Each structure stands twice: as C-alpha cells, then as structure tokens.
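Q: The following comprises the amino acid sequence and a computationally predicted model.
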Amino acid sequence: MIQLVASLLRQDGQPADEGMLRRMAEAMPVDDLDLEYSLKTDGPAGLVLIRLTRKNSLPVAGDAFAPLEIYDDGRLIISADLRLYNRAELEKTFGPQETDVHFIARLYETQGKRGLDRLEGDFTIALWDRQSGQMVMKRDHVGVRPAYYAQEPGKGVLFSSLGKGVRAAGLIKTPINKQAQFDHLSHDPSDQVGTFHHNMYRLPGGHEAVATVSSFDIHEYWRLKAIPLLPESVTFEDWVAELKDIFRRAVTKRLPEKGPIGSHLSSGMDSASISAIAAENLKHDDQVLDSYTFAMSEEFTEEDMLDEVPYAKKVAMARNRISWNRIHVKYDYTTKPIAFEEDRDHKIGPNDLELQAASDFSGKGGSVILSGWGGDEIATYTGTGALAELLVKGKFSTFAHEVKMYSKRREQSVTRVLYAVVGARFLPQSVLDFAKDVTGFRNFKEAKRRRSGFKNSIATKYDRPLRRGPNSQKNRIEKFYNGNLHWRLEEWAYKGYRHAVQYAFPMLDLELINHCLACPPEFLLRDGYNRAGFRAAMRGVLPDEILTNRWKHIAAPCSNIEVIRRKDALLAELDELEKNAQLREIFDFAAIRKRLHDLPTEEEERKRLAYWATKGEQGYNLGNGIVSPIASMKRFLELKAEEEQSSEAD
C-alpha cells in the first residue's frame with residue numbers, strides 16, 4: 001500500500017473543480033492496483049489524497065486499512081505522502097501526535113513554511129492555508145518521493161506525485177517535448193527539472209513551490225553544502241565508532257513496525273550492510289527481511305563465471321531472519337528505452353529484475369524495500385581526490401604510504417598511480433583529455449560515446465564530465481548533484497509504485513550524510529583500501545570477502561555470452577537500421593559495427609570469465625555500446641513516426 005498526492009489552485013477566478021481532482025486521482029493506478037482517494041476543495045484550492053493497493057491484497061497483520069482522510073483542522077488542509085524519520089525529535093517539541101501529518105500542521109502553525117524544513121523523511125506534501133490563501137507544495141530534501149508540477153499564469157497551478165496526474169487534470173496543456181525524449185535516449189540524466197512534456201516540470205529534491213491566486217514561486221529550502229572537516233584531535237577509531245552508530249540508526253528508523261520488509265542484497269557494501277543491520281534490528285518478533293539478489297541466468301554456474309550470488313548468500317545465511325530470494329536474468333533484447341513517463345507503467349519485462357523483485361515482495365503484502373542507492377555519493381564514497389588532497393595538505397608520510405599501498409593493491413605501478421590517480425586531479429580538463437586520448441586510456445567521454453553510440457559531433461553535446469579535483473568533500477557534493485542519483489531515485493519510485501511498494505534509502509539519511517561529509521581524506525583511504533572508514537565500521541557485520549573486494553560484482557556477467565551469441569542477428573539489425581538517413585546522421589555505425597566484429601568467441605569469453613572468477617573479480621560488459629545504441633535507434637524511429645502521424649492529424 002502506498003499513498004500519492006495531487007492538488008490544484010485556480011488562478012483564473014474559478015473555484016476548484018472536483019472533476020479535475022477526480023481525473024488526477026483516477027489517472028494514477030495501473031492494471032494491478034486498486035484505487036481509493038479522498039478529496040477536499042476550498043474556494044480556488046483543491047487537494048486529493050490517493051491510496052494504491054495491490055489487487056486482492058490483505059492489510060498487514062490482518063489490521064483493517066485506516067480510513068483515507070485528508071487532514072483539515074479548519075485552517076489547514078493537508079495531503080501528504082510522508083514517511084517521517086525524526087518523529088522522536090519532534091515529539092520533544094509538540095508531544096505525541098495522532099499521525100505524522102499532524103506534525104506537519106504543528107510545525108506550520110508555529111513556524112510557518114520554514115517550520116516544515118524540520119521534517120526529516122521521505123515526502124511529497126501539498127498544504128493549503130485558508131488564512132493566507134497560500135498553497136505550499138514540498139518535496140523531501142534528497143528527492144526520494146517524485147513530484148511534478150505545471151503552472152500557467154491566468155489559469156492555475158497543478159501538483160502531483162506522478163506526472164500523469166498533472167496531465168490528466170486538463171487545465172494546462174502539456175504537449176510532448178521531442179527534444180527531451182531525444183536527450184534521454186542519449187543517456188543524459190542531468191536535467192532534474194524538465195520532463196518529456198512541455199509545460200510540466202519536476203520539483204527537485206530540497207525545493208518547495210508556493211502559490212497564491214496571483215503568484216507562483218519555487219524556493220530551494222535545503223542544499224548539501226561544504227562543512228568544516230573534523231579537527232585532527234578526532235581519531236579514526238572514534239569517528240568509525242560513531243559512524244557505525246549513526247548508520248544503525250539510519251537503517252532502523254526506516255524499518256516498519258510490523259509486516260514484511262524487503263531489501264536489495266548484492267555483493268556491494270552498501271546493500272549488504274543495510275540488509276545485515278536491518279536483520280539484526282527488526283522491530284517485531286515475527287518479522288523477516290525479504291532480501292533480493294539479482295543472479296545470472298540459470299544456464300550458468302559459479303564454475304563458469306562469478307556473479308553476486310556467493311557474496312550475498314554469505315550475508316543472508318549468517319542470519320536466521322533473512323529470507324533470501326534470487327531473481328535470475330532472462331534475456332529480452334526487445335525492451336524499449338524509456339521515452340515517456342508512461343513507459344515505466346509497462347508490464348514486467350523478463351530482463352527487468354527490479355520490477356520482478358517489487359512484484360514478488362508486493363505479493364507477500366510488503367510495502368517498503370530498503371536500497372543501498374546513494375551510498376557512493378557520500379557515505380561510502382570511493383575517495384576520488386583523497387590521495388591528491390593528502391599531498392595538498394602536506395601529509396607527506398601518509399601520502400607516500402597510501403600511494404605505495406594503492407599501487408600494490410591494484411597491481412599498478414607507482415608511476416601510473418601518481419599520473420592517473422594523483423596528477424589527474426591537478427591537470428586542466430583539456431590537458432587531461434588530450435593525455436587520455438594519446439595514451440588510449442578510456443575516459444568519461446569515450447565511455448559515454450560507447451554507451452550511446454552517437455557520433456562524436458553529437459555526443460559532445462551531452463558530455464558533462466565531473467571535474468574532480470584534490471578536494472574530496474567538494475567532489476562528493478558535485479557527485480551528489482550530477483543528476484544520475486536523482487534520476488535513479490525517480491526510476492526506483494516508479495518501479496515501486498507499479499506494485500504499490502516504496503523504496504527507502506538509509507545511505508541518504510541526513511545525519512549520516514553530514515557525518516561522512518566531515519571526514520578528512522585520510523579517513524577515506526587506509527593501506528590501499530578506499531572507503532576505509534565504512535569498511536572499518538562494518539567489521540564483524542559483513543564477511544571479509546565483501547570488505548576486501550576491490551569492486552562490486554555484477555549481476556549478470558553471462559550477458560556477455562548472450563551478446564556474443566546474438567552477434568549475427570545484431571549485425572543484421574545494424575545493417576537494416578543504417579539504411580535510414582536520419583540515423584546515419586546521428587549514430588556512429590562504423591564504431592558499433594567494429595565492436596560487434598571485435599567480440600571474442602563464446603569459448604574465449606567463457607575462459608576469460610572463468611579466469612576472473614578464480615581471482616574473485618569481474619571484467620567488463622561486452623554489450624556496452626552495442627545493444628543499447630541499437631535499442632535507442634529503434635526507439636528513435638518510433639518517436640519520429642509518431643511525430644509524423646501527429647503532424648498529419650493536425
């Protein structure tokens with residue numbers, strides 16, 4: 001069961017139309033979900049609260065679902081999708097409240113809009129203040145819950161958890177934005193505001209919209225900023241001990257009081273740590289953690305190659321309160337890239353492992369899945385720039401030791417480490433790009449071109465490399481805001497919504513983020529290991545095999561075999577697509593064809609994967625720059641055909 005929000009404020013002198021609110025609510029569910037909603041209007045304002053449940057689902061622990069009612073105390077009308085994480089802190093100020101939404105009312109009544117900044121949790125909120133004639137629409141700090149809006153002067157403001165709610169109202173036209181679709185096919189997730197429709201926008205995380213019948217403004221109420229690093233008197237051991245306590249709180253505050261709880265469980269430290277801590281802190285005796293590991297096709301075994309399963313299994317089997325579920329890859333190369341918000345509502349494809357996990361968990365009556373996404377940005381940051389920062393700060397002995405150990409652990413020469421890891425943080429981007437081109441070192445731009453398949457003249461438009469210098473804190477903040485994290489949060493929200501499931505992200509806990517952001521560079525690296533502080537905090541929690549991994553394993557290394565097997569079919573598709581003049585102008589057919597011709601034989605690839613399995617590591621994805629561009633080409637042609645049909649109809 002999940003809740004969604006929608007609201008409208010007329011700015012044309014008309015009262016709020018219940019019919020619009022009903023259309024907004026009724027646009028939300030997909031085939032597998034039941035809809036219930038409650039609405040209220042007051043003059044120009046209207047709000048609706050929506051509940052989606054899986055068809056034929058039973059309430060958790062046999063309890064009846066609570067009545068679905070919008071909060072209304074005579075002054076405030078509030079519709080909120082809210083999972084509150086600092087209830088105990090707020091109770092110190094206001095005492096116990098009947099529901100989490102009551103805290104919204106108390107905060108607003110005592111401190112106005114800025115009082116709502118004290119909320120810590122995942123939320124989308126619409127609040128109408130009868131007294132001031134003001135509508136406040138607010139999204140959580142990081143952007144875990146999606147939020148869309150449209151505003152047209154002289155007509156009004158629309159706000160909804162899902163974009164299709166905004167469009168369904170009919171008050172504001174939202175034609176297709178063809179350029180945005182094309183941009184997305186280029187694998188460019190940097191736009192946190194625009195959508196695939198003109199006149200409709202995302203409300204970014206950490207932002208609020210405030211509207212009256214004559215005004216509309218967007219405000220940023222929270223932003224991750226640089227903070228002072230810890231004083232040198234704080235020891236690594238003390239900082240790690242506090243990190244472990246904060247991380248435990250970040251996980252446990254996101255655990256439901258009762259009912260099933262789900263979690264991702266991979267070979268990485270983030271999801272494995274969350275699953276392990278969650279299993280040790282379940283709040284009810286009969287609760288079990290349903291963990292999901294994405295595994296390679298059942299055709300293959302560990303002797304053939306290595307996926308995440310052996311590592312995840314160790315975490316699950318060490319605790320008797322984890323139910324371990326493997327979701328096996330089933331290949332389907334006909335899947336289309338997303339080019340509409342509605343594409344996320346499509347039926348489950350056999351290769352969409354996350355949707356399969358959400359469907360299975362929802363069928364068990366669960367509604368919250370814990371995910372490790374967001375860790376790489378701050379809490380378990382890889383340490384890029386930390387070595388160079390040690391040099392800048394004059395910590396020469398620590399720098400020399402870490403360079404030596406970094407070199408040993410990665411089996412690279414000290415010279416290469418000094419050039420590629422340290423020197424790269426000081427060089428201007430133009431010099432760095434030239435050096436990488438000359439040496440053949442694969443860089444960000446080349447990786448992006450390979451993935452998109454675009455010609456260089458097209459791909460350069462989408463090149464937005466992160467310039468990571470000798471300042472690890474600044475690097476983390478820039479990575480946090482580069483767009484990929486926020487697109488993925490929205491993607492997860494849509495996948496969960498498809499099955500009335502919501503995701504929670506302990507790694508994005510505000511207390512945890514602030515603690516980790518303050519650590520000095522020497523806490524990020526220890527004896528050649530990056531993520532040193534978090535590795536130390538998880539000793540005794542995770543098996544050594546995960547704590548000593550150089551990198552996270554991939555769910556489906558066997559996908560390489562599948563690409564090789566489809567080589568001739570892919571070449572035939574490429575030949576057919578190349579007949580289209582528009583595609584030839586955009587895509588680099590020669591480069592894609594060369595990647596196909598350069599594929600090893602199946603026997604050669606099996607030997608390579610088997611060798612890497614003996615080292616406990618994985619190699620690269622051979623399909624990168626082949627399968628995805630071909631899918632994008634076909635989607636591009638579909639969009640062009642739809643555009644032509646639309647023009648003819650007009």
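A: Now that the structure is in, tell me what you want to look at.
Q: what comes up buried for stretch 233-241?
A: Neighbour-count burial for stretch 233-241 flags 236, 239, 240 (criterion: 16 or more other Cβ atoms under 10 Å). Yep, even glycine has a C-beta here, placed from its N, CA and C like the rest.
Q: Which residue is the nearest non-sequential neighbour of residue 148?
A: residue 163 (4.4 Å; Cβ to Cβ, 6 or more residues apart in numbering).
Q: give the contact list for that neighbour.
A: By Cβ atoms under 8 Å, 6 or more residues apart in numbering, the residues touching residue 163 are 148, 195, 197, 200, 341.
Q: What separation is there between it and residue 172?
A: 12 Å (Cβ to Cβ, to the nearest Å).
Q: what touches both of the two?
A: With Cβ under 8 Å, 6+ apart as the test, residue 163 and residue 172 both reach residue 200.
Q: what about the host helix or strand of residue 568, average pLDDT?
A: Using DSSP states H and E, residue 568 sits in helix 567-577. Taken as a whole, helix 567-577 has a mean pLDDT of 94.
Q: shaky segments in the chain?
A: For the chain, applying pLDDT under 70 flags the ranges 57-65, 186-190, 333-351, 428-452, 460-466, 618-620, 646-650.
Q: Run through the bridge partners of the nearest residue to residue 370 once chain neighbours are set aside.
A: Nearest residue to residue 370, sequence neighbours excluded (Cβ to Cβ, 6+ apart): residue 263, at 4.2 Å. Beta-bridge pairing of residue 263 under DSSP bridges involves residue 291, residue 370.
Q: So residue 263 sits against residue 288, correct?
A: No - using Cβ atoms under 8 Å, residue 263 is not in contact with residue 288; the gap is 10.9 Å.
Q: So the two - more neighbours on which side?
A: Per other Cβ atoms under 10 Å, whichever of residue 263 and residue 288 has more neighbours is residue 263, with 29 against 16.
Q: What residues does the more buried one make contact with?
A: Residue 263 is in contact with 271, 274, 275, 278, 289, 290, 291, 292, 369, 370, 371, counting by Cβ under 8 Å, 6+ apart.
Q: Please repeat the previous calculation with a cut-off of 6 Å.
A: 275, 278, 289, 291, 370 (Cβ atoms under 6 Å, 6 or more residues apart in numbering).
Q: Buried ones among those?
A: 275, 278, 289, 291, 370.
Q: which of the residues you listed lies closest to residue 538?
A: The shortest gap between residue 538 and any of the buried ones among the contacts of residue 263 belongs to residue 275, at 11.6 Å (Cβ to Cβ).
Q: ok, that closest one touching residue 292?
A: No - in this structure residue 275 lies outside contact range of residue 292 using Cβ atoms under 6 Å: 9.6 Å.
Q: helix or strand for residue 184, which one?
A: Using DSSP H and E, residue 184 sits in helix 178-185.
Q: Give me the buried stretch members for that helix, please.
A: Buried, per 16+ other Cβ under 10 Å, within helix 178-185: 178, 180, 181, 182, 183, 184, 185.
Q: ok, now stretch 320-337?
A: 321, 322, 324, 325, 326, 327, 328, 329, 331.
Q: contacting residues for residue 562?
A: Counted by Cβ under 6 Å, 6+ apart, residue 562 has contacts residue 331.
Q: follow-up on the earlier one: give me the contact list for the helix holding residue 568.
A: Applying Cβ under 6 Å, 6+ apart, the contact partners of helix 567-577 are 583, 593, 596, 599, 630, 633.
Q: Then stretch 364-371?
A: 1, 256, 260, 262, 263, 264, 274, 278, 501, 503, 504, 505.
Q: which two in those residues are spaced the farthest apart?
A: Pairwise over the contacts of stretch 364-371, using Cβ to Cβ, the maximum falls at 1 and 274, 22.3 Å.
Q: out of these two, which sits in the more crowded spot?
A: Higher neighbour count among residue 1 and residue 274: residue 274, with 27 against 22, using other Cβ under 10 Å.
Q: Go ahead and confirm that one touches residue 374.
A: No - counting by Cβ under 6 Å, residue 274 does not reach residue 374; the two are 10.8 Å apart.
Q: quick one: the residue nearest to residue 148 and residue 194, what's the gap?
A: Taking Cβ to Cβ, one finds residue 163 at 11 Å from residue 194.
Q: Can you tell me, leaving aside adjacent residues, what's nearest to residue 309?
A: residue 295 (5.0 Å).
Q: who's in contact with the one you found?
A: The neighbours of residue 295, taking Cβ under 6 Å, 6+ apart as the test, are 307, 309, 326, 328.
Q: Tell me the spacing between it and residue 469.
A: Applying Cβ to Cβ to residue 295 and residue 469 gives a distance of 39 Å.
Q: Likewise for residue 47?
A: Taken as Cβ to Cβ, the span from residue 47 to residue 469 is 46 Å.
Q: Looking at these two, which one has more neighbours?
A: For residue 47 and residue 469, the more surrounded residue by other Cβ under 10 Å is residue 47, and the numbers stand at 28 against 17.
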